[in-house]
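A.B. asks: need coordinates for the below:
(chains A, B, C and D)
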Amino acid sequence: MDFALTDEQRMLEETLTRLVADRVSPEQRRTRLQAPSPGASSLWQTFAELGLLHMPFSEEAGGLGGDGTDLMIILQALGRGLVPEPYLFGLVLPGTLLALTGDDAQRARWLAPLLEGEHQLALGWQETAARYDAQAMTTQARQKEGQWHLSGRKDLVMNLGAAAVTLVTAKLESGKLGLFLVPVATPGVRSFTYQTMDEQPAGDLTLENVTLAQEHCLSEDVESALDETLAIGRAALCAQAIGAMESACDQTLAYLKERKQFGVPLATFQALQHRMVDMHLHLEQSRSMAILAATSLTLANDERDYKVAAAKAYCGESARFIAEQAIQLHGAMGMTNECHVAAYARHLIMFDHYLGDSDYHLEHVSDRLSAA
Amino acid sequence: MDFALTDEQRMLEETLTRLVADRVSPEQRRTRLQAPSPGASSLWQTFAELGLLHMPFSEEAGGLGGDGTDLMIILQALGRGLVPEPYLFGLVLPGTLLALTGDDAQRARWLAPLLEGEHQLALGWQETAARYDAQAMTTQARQKEGQWHLSGRKDLVMNLGAAAVTLVTAKLESGKLGLFLVPVATPGVRSFTYQTMDEQPAGDLTLENVTLAQEHCLSEDVESALDETLAIGRAALCAQAIGAMESACDQTLAYLKERKQFGVPLATFQALQHRMVDMHLHLEQSRSMAILAATSLTLANDERDYKVAAAKAYCGESARFIAEQAIQLHGAMGMTNECHVAAYARHLIMFDHYLGDSDYHLEHVSDRLSAA
Amino acid sequence: MNLTFSPEEQAFRAEVCQFLADNLPEDIRERVRLGRHLRADDYLRWQTLLSEQGWLGANWPVEHGGPGWGPVQRHIFDEECAAAHAPTVVPFGVNMVAPVIMKFGTPEQQAYYLPRILDNRDWWCQGYSEPGAGSDLASLNTRAVRDGDHYVVNGQKTWTTLGQHANMLFCLVRTDPVAKKQAGISFLLIDMQTPGITVRPIVTLDGAHEVNEVFLDNVRVPVENRVGEEGQGWTCAKFLLTHERTGIAGLGHAKQALRHLKSLAGHVEHRGRPLLELPSFRQRVVKAELELMALEVTNLRVIAAARGGGAPGAESSLLKVRGSELRQELSELTRRALGPAAVAFFPDFLYRDEPLDAAYAERAAASAQYFNRRKLSIYGGANEIQKGIVAKTILGM
Amino acid sequence: MNLTFSPEEQAFRAEVCQFLADNLPEDIRERVRLGRHLRADDYLRWQTLLSEQGWLGANWPVEHGGPGWGPVQRHIFDEECAAAHAPTVVPFGVNMVAPVIMKFGTPEQQAYYLPRILDNRDWWCQGYSEPGAGSDLASLNTRAVRDGDHYVVNGQKTWTTLGQHANMLFCLVRTDPVAKKQAGISFLLIDMQTPGITVRPIVTLDGAHEVNEVFLDNVRVPVENRVGEEGQGWTCAKFLLTHERTGIAGLGHAKQALRHLKSLAGHVEHRGRPLLELPSFRQRVVKAELELMALEVTNLRVIAAARGGGAPGAESSLLKVRGSELRQELSELTRRALGPAAVAFFPDFLYRDEPLDAAYAERAAASAQYFNRRKLSIYGGANEIQKGIVAKTILGM
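C.D. replies: Now for the predicted structure:
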């Protein structure tokens, strides 16, 4: 049993914390969101220079072989600053799945430039009608004369607009789930992009008899690799949410100490003190669950998925509690966009909708509840 | 729409409130519980003299024809004083079922003396294995040569020890539920009596091939009458719980105002103020539900049962909240038997176990949730 | 006791339904249904129809042009309007400043302003809150200095809802800087065209522009625009805040939201079955159903007391707290019901006039509304303040 | 990071399990399992077995006869004891007064008292709380007046757990009536046989006699029975209250309670199916499971910090609050799982030696334990006090 960080991990945390403080102040973040530049940002280039883009991938795949703890450290720091870079959705998720399924040529073509910061990717694993179920896809892929033909749609594809290529799941005739590389400009592909409620780029992808060459197929049975990828993504999301919860708590506490009502600081009102303590308790318990998720990624699949589901469900509910209380305790100020905590609240609420909400994950836990 | 009491109802309320204040002080209550006298108490005699024992029965059955509101007024007053008389379990429930199912002779023999205060009854409708389901009975009744033969057991029969006769449900060969009058001294009947956690008399009844004459059968299909009886009982229990919640809130508020910590009354602590307000909100919302239940007894069965189930579920949860907070806000004092609020807490917690708990009733509502 | 509506009340409900079916413009109904912001003209069209029907001043006495309804009828009216997706009447004129003018205004003020409210000539907004004085109104800083037959007003108001459309502002100002906190306050009616008034939008966390800051820089207001005596503003303010709060639970809106939620969760699918059958989700819907049942009876109890002439006092705090919690919970469940689709955000459709495909339009508002509903436990006296009121006035703590 | 136990720690766990299997008397295990009160002799038998094994002073250093365990081992030991239905060691001697004597006592006091604690010759109880001074220890009123080489003690202590069995009392007394609140307090060790001591039972709302009032009427206590200097009692008291609180979450008990609950709800039937499949019930069990998972990791985090030498500070308040809430919820669910059977109450079986049929015995304790567990959020500093500590010391409010 060991909760300590290694020296390298402590350095990673310090580096990132300083970077976020320097480069992603609330004003810098706002500016970046209001005028999104095409292509990778200078911050993304810095990520590449620092090796952060290599960190979450195995050495065999050309990465640095970071583990769940490394990933947790990175995402937590990004969450603290609500950094508007698609580290999780544009790098970790599609990259991991690509590393797990791609052959040498596919990796060389798509993964290597990803790690160098030369392009970004996206992962289309969701369809609105399937809610959070990654298996119940209606998009179909059929093989004919050495080519693949895809029809259907993928919804809520995060980072779609910035992706050089999107990894898309589709049902095969075998009944299994296949995985395909769909470049933006392929005929028959239409994309409709928008922002999410928490200011992230996303979009829906329509595929009308899209023809792809053989080498665009990554896998004809991606279930297990997708499960692993989503488990990593969920653990990473929890860590990111912990960072955001920390900031929301910090900002709320600072507000209560500074703001006066009836002549005294709000922080002196006992009911508000206890509420603030409840937020803190939610944060600390959620942090424990995020640690549990991060350290479970190397366990057997069933145990990994059980603990990750438990963590995602738990953090989803805590995130909501903290977001709602952060708004409430900021009073009317918390309702305004000018107040930085509003952005955190939006992310903490939307967090629950990414990669399965707490109902979805509670059902997973409930179905597997052990007798002892 | 009318929430006003009639003049008669206001008088009833005043009379009862005065009676409870005069005759059931905490000390009087304790004395009575520590030395239970055999036979009816003098308070029960007073109930008889005031016509309270006639109130909940139709005029056709020899009663005064009181409605749900009358019943609510009575039970609320009894709940406020935690009056240790089996008004609900020894009178209303078995009496109502007897009035609904009995013929003239059966009524004359068992109902009339009940209304005069000459004896009390009990209703055995539960079996532990069936939880709160009144239909899933394993006790069997078979007719042979003009006599009935009963075998099985009834659990948690309230007021068993004081009842001249117990109404017992049993499955017939037809698959329907029958209802029988089982006098105490019948051969084959054994009873094991005890007190409940909230100081009410109860017991379990074992029936080993109990032979009963034809006139001991009240009904060969009691389902509908039993449903009606239980609906009345549940509405009445809610009203009683409202009375107990009122007292628990009053006592807690008085304690907070009187007791000092760190040199000031507890009532000045904002966190405790807000908790006390939450208790008050639970009480008022539950009062609304108890009113809803009381005024629903004359509606069509489905609507009646839906609203009564909703009220019982709602009040069950509020009762628990109020009981737990009453103990907590009394601090260590609330943990002691000497503190009167402890008895209210015990009743408010056990209330949920009588006539179906909130899970059971929530399931009823959930199964019938309307689309609109 | 008896919880059913009388035949007269049921007939009234039928009449309201018929009116709504016949008169509510379809485009407005659709905007409300989809949760899109209404344009100023949408409000005006609807309020003109209500005005022509004689129903705009729902809580006005007959002598001022009201329909003479009691609280039960107003309750029914509110409920049916919400069910029909009718816009909420902008309350600042008809429900807020009007009662103050009726109670404290001069005959001249009454004769001038009340008809203009009733036929929608004036659009009122409120100047109560100030930065730094949230739920603590008595500490307000906007000053009005007497200069001949004018007051010269300087200061800043905030959270002024729909102020961008208004031509009139009612405003609490400090006329006596040395008097004790609540004593030196007066109640002014201010023409928004007066030089020195600037309205600046506040964008809320749902991306909407619904509220504003109002800056007053040497704004000259005729003394005759003061309601009540100088220094009597606090009396007017308190009257306004406690007047007619039986609708505060937002019951009609809650009922409509629950209906919508059940319908939505009844056809959204989870693993091939309606989401409403997923136990963890259904359980919360059932709890909301029960809470609504309880709140409705509580609301009727308060209304019945009001019908008997009693003014609802601190009980309205109870309705406010539980009503806002319930509506927030319903907005949360509605957002959750949409699953991943809830994360997409289309502000140009919701707040401006851009079109959107129907499949997106139907679900566009849920998340924004979830965030918008956070205000319910903050404005009009935060729930913490409401609990303080109950503790003090009902429980004597 | 790594959340698995090391091979050494796993071997230690196996050793503890083996010891429990070999040594815990079956009749005691059965009393604990059924939730019956233990007799004084039951405690003594078990603690003697632990003492012989060298495990009674689990948190004592080796030089005083402890096993030299770290916090992880103590955590494993507690968890396995709870799982095996072993009695909880009466903490007042071994875990409370002993550390105070080790830290502040004279060599003579250490030489005399510590061995007597470790071989169960003395049964200690505590005199901390007084009527009127619940969570506010500094306002205590019991006075000790110096008379030669004795103190003469007068006053009243309350909530003295198992005081009916004790022969020794450690006691906070006021030795200087004029000093500021916390300054005039001293820490005395009192022989319960001394004339003037009366123990009166307090019956709690579960019908149990677990706590007592202790009256002190001119009780003469030798000055050498004072621990630390005169006036240093508050330092001793604070040390005692903050010492060794990593077990405060009651995790072993919570785990055992959840196991029991799942087993119970897995075979109690509701409409022909296990109750555990009733969605509303299952949902709460799942939530408890999650809360326990989180609490266990939090507890391990605090233990890991303690292993590094850091004393758990206000974090233990967090464990106390969430741990007590969880255990209370589990006691609530266990009671509910029994359905109607939960209302029957058999105090003579639970608290005295009367027999009861097995079918009744298995479920006899659930409701009483539900009420008993209410104390978890009250004693040792009520949860409201704990939250105040977190607000002050962690959040700086």
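
A.B. asks: what residues does chain A have near chain B?
C.D. replies: Contact residues, chain A versus chain B (C-beta under 8 Å from any C-beta of the partner chain): A:269-271, A:273-274. Just so you know, the C-beta spots here come from the backbone N, C-alpha and C atoms, and that holds for glycine as well.

A.B. asks: can you get me a residue count around the residue of chain C found nearest chain D?
C.D. replies: When scored by C-beta to the nearest C-beta, chain C has C:Pro279 as its residue closest to chain D, at 3.1 Å. Neighbour count of C:Pro279, defined by other C-beta atoms under 10 Å in any protein chain shown: 18.

A.B. asks: contacts only, for the closest residue to A:Trp148 other than its chain neighbours.
C.D. replies: For A:Trp148, ignoring the flanking residues on the chain, the nearest one in space by C-beta to C-beta, 6 or more residues apart in numbering or on different chains is A:Leu212 at 4.5 Å. Contacts for A:Leu212 were tallied using C-beta atoms under 8 Å, 6 or more residues apart in numbering or on different chains; they are A:147-150, A:180-182, A:186.

A.B. asks: swap the cut-off to 10 Å and go again
C.D. replies: A:Leu212 makes contact with A:141, A:147-150, A:168, A:180-183, A:186, A:188-189, according to C-beta atoms under 10 Å, 6 or more residues apart in numbering or on different chains.

A.B. asks: next one: C:Leu356
C.D. replies: A:194, C:34, C:36, C:346, C:348-350, C:362, C:364.

A.B. asks: export the residues of chain A next to chain B to TSV and tack on secondary structure and pLDDT?
C.D. replies: Formatted as TSV, the residues of chain A next to chain B follow (DSSP: H, G, I helix; E, B strand; the rest coil; pLDDT from 0 to 100):
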residue	secondary structure	pLDDT
A:Phe269	coil	95
A:Gln270	helix	95
A:Ala271	helix	96
A:Gln273	helix	97
A:His274	helix	97
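
A.B. asks: show me where the stretch 51-200 of chain A has its helices.
C.D. replies: Secondary structure of the stretch 51-200 of chain A by DSSP state H, counting those that start in this stretch: the helices cover A:68-80, A:93-101, A:104-106, A:112-115.

A.B. asks: output those helices as TSV; include the columns mean neighbour count and distance to chain D.
C.D. replies: Written out in TSV, the entries for the helices of the stretch 51-200 of chain A read as follows (neighbours: other C-beta atoms under 10 Å in any protein chain shown; distance: least, C-beta to the nearest C-beta, whole Å):
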stretch	mean neighbour count	distance to chain D
helix A:68-80	25	5
helix A:93-101	25	20
helix A:104-106	11	33
helix A:112-115	18	25
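
A.B. asks: and of these, who's closest to A:Phe351?
C.D. replies: helix A:68-80 (9.0 Å; C-beta to C-beta).

A.B. asks: which secondary structure element of the chain has the lowest mean pLDDT?
C.D. replies: Using chain A here. Sorting the helices and strands of chain A by mean pLDDT, DSSP states H and E puts strand A:260-261 at the bottom, at a mean of 86.

A.B. asks: right idea, wrong chain: chain C
C.D. replies: Looking across every helix and strand in chain C, the one with the weakest confidence, judged by mean pLDDT, DSSP H and E, is helix C:233-242, at a mean of 85.

A.B. asks: what is the distance between that helix and the centre of its chain?
C.D. replies: A distance of 17 Å separates the C-alpha centroid of helix C:233-242 from that of its chain, computed with C-alpha atoms, centre = their mean, to the nearest Å.

A.B. asks: would you mark the buried spots in it?
C.D. replies: Within helix C:233-242, the residues that qualify as buried by neighbour count (16 or more other C-beta atoms under 10 Å in any protein chain shown) are C:233-237, C:240.

A.B. asks: likewise stretch C:139-156?
C.D. replies: Of the residues in stretch C:139-156, those with enough neighbours to count as buried (16+ other C-beta under 10 Å) are C:139-140, C:142-144, C:150-156.

A.B. asks: is the residue of chain A at minimum distance from chain D in a helix, a strand, or coil?
C.D. replies: When scored by C-beta to the nearest C-beta, chain A has A:Ser288 as its residue closest to chain D, at 3.5 Å. With DSSP: H, G, I helix; E, B strand; the rest coil as the basis, the three-state label of A:Ser288 is helix.

A.B. asks: now the helices: where do they sit in the stretch 151-300 of chain C?
C.D. replies: Using DSSP H, counting those that start in this stretch, the helices of the stretch 151-300 of chain C run over residues C:233-242, C:251-267, C:279-307.

A.B. asks: make CSV from those and add distance to B:Thr46 to it.
C.D. replies: Written out in CSV, the entries for the helices of the stretch 151-300 of chain C read as follows (distance: least, C-beta to C-beta, whole Å):
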stretch, distance to B:Thr46
helix C:233-242, 45
helix C:251-267, 43
helix C:279-307, 32
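
A.B. asks: so for chain A, which of those sits nearest?
C.D. replies: In this view, the helices of the stretch 151-300 of chain C are compared for proximity to chain A by C-beta to the nearest C-beta, and helix C:279-307 is the closest at 5.0 Å.

A.B. asks: got the contact list for C:Arg33?
C.D. replies: C:84-85, C:256, C:260, C:361-362, C:365.

A.B. asks: okay, and which of the residues you listed map to helices?
C.D. replies: Cross-referencing the contacts of C:Arg33 with the helices (criterion: DSSP state H) gives C:256, C:260, C:361 as the overlap.

A.B. asks: and the strand ranked longest in chain C, what's its mean pLDDT?
C.D. replies: When secondary structure is assigned using DSSP state E, the longest strand within chain C turns out to be strand C:209-222. Per-region confidence: strand C:209-222 scores 97 on mean pLDDT.

A.B. asks: in that strand, what's buried?
C.D. replies: Neighbour-count burial for strand C:209-222, counted by 16+ other C-beta under 10 Å, picks out C:209-216, C:219, C:221.

A.B. asks: who does residue 154 bridge with?
C.D. replies: Unless you meant another one, I'm taking chain A. On DSSP bridges, the residues paired with A:Lys154 through beta bridges are A:Leu205.

A.B. asks: hmm, no, I was thinking of chain C.
C.D. replies: C:Arg143.

A.B. asks: coming back round to it: and the pLDDT for the residue nearest to A:Trp148?
C.D. replies: Reading off the model, A:Leu212 has pLDDT 97.

A.B. asks: tell me the secondary structure of it, please.
C.D. replies: With three-state DSSP as the criterion, A:Leu212 was assigned strand.

A.B. asks: state the distance from it to A:Ile242.
C.D. replies: In this view, A:Leu212 and A:Ile242 are 39 Å apart by C-beta to C-beta, to the nearest Å.
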